[in-house]
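Student: After the sequence you'll find the predicted model.
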Amino acid sequence: MGDAEQNSKGLEAAMRDLALIAGQRPVKTKAKKSIASFKLREGATVGVAVTLRGNVMYSFLDRLINLGLPRTRWAWKLQHRIS
């Protein structure tokens, strides 16, 4: 997302991917303050976000825990901490 201002295709791809994962339309998040060390200007698009509530949230968490996390490389670390 670092070059979202210059590369709108990357931002659109991130929005499309998040919409597929969450099942809802994401919104663009913008910077509240300028930060020179990050080369960030106030009002610049810095990411995308989705708010999940109710049954949609629990459905997403169920899919994440049972389908997504077991396929990741560090899933065994999480299993050892839980048990």
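Tutor: Nice, thanks for sending it over.

Student: can you pull the buried residues of the biggest helix by length in the chain?
Tutor: What stands out as the longest helix in the chain, according to DSSP state H, is helix 8-22. Buried residues in helix 8-22, counted by 16 or more other C-beta atoms under 10 Å: 11, 14, 15, 18, 22. Placement of C-beta: from N, CA and C, glycine included.

Student: any chance of these in JSON lines, with distance to residue 30 too?
Tutor: Converted to JSON lines, those look like this (distance: C-beta to C-beta, whole Å):
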{"residue": "11", "distance to residue 30": "12"}
{"residue": "14", "distance to residue 30": "14"}
{"residue": "15", "distance to residue 30": "14"}
{"residue": "18", "distance to residue 30": "16"}
{"residue": "22", "distance to residue 30": "20"}
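
Student: Same list (these) but as a markdown table, adding pLDDT.
Tutor: Converted to a markdown table, the buried residues of helix 8-22 look like this (pLDDT from 0 to 100):
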| residue | pLDDT |
| --- | --- |
| 11 | 85 |
| 14 | 87 |
| 15 | 90 |
| 18 | 86 |
| 22 | 87 |
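
Student: quick one: which of the residues you listed is nearest residue 60?
Tutor: residue 22 (6.4 Å; C-beta to C-beta).

Student: Confirm residue 48 sits in a strand?
Tutor: Yes: per DSSP: H, G, I helix; E, B strand; the rest coil, residue 48 lies within a strand segment.

Student: Residue 43 versus the spatially closest residue to it that is not a sequence neighbour, what's the distance?
Tutor: Computed as C-beta to C-beta, 6 or more residues apart in numbering, the closest residue to residue 48 that is not its neighbour in sequence is residue 26, at 4.2 Å. Distance of residue 26 to residue 43, given as C-beta to C-beta, to the nearest Å: 18 Å.

Student: who's more crowded, those two?
Tutor: residue 26 (18 against 12; other C-beta atoms under 10 Å).

Student: wait, doesn't that one sit right on residue 45?
Tutor: No: between residue 26 and residue 45 there is no contact under C-beta atoms under 8 Å: 11.7 Å.

Student: so what's the closest residue to residue 18 other than its chain neighbours up against?
Tutor: Nearest in space to residue 18, with sequence neighbours left out and distances taken as C-beta to C-beta, 6+ apart, is residue 26 at 4.5 Å. Neighbouring residues of residue 26 by C-beta atoms under 8 Å, 6 or more residues apart in numbering: 15, 18, 19, 48, 49, 50.
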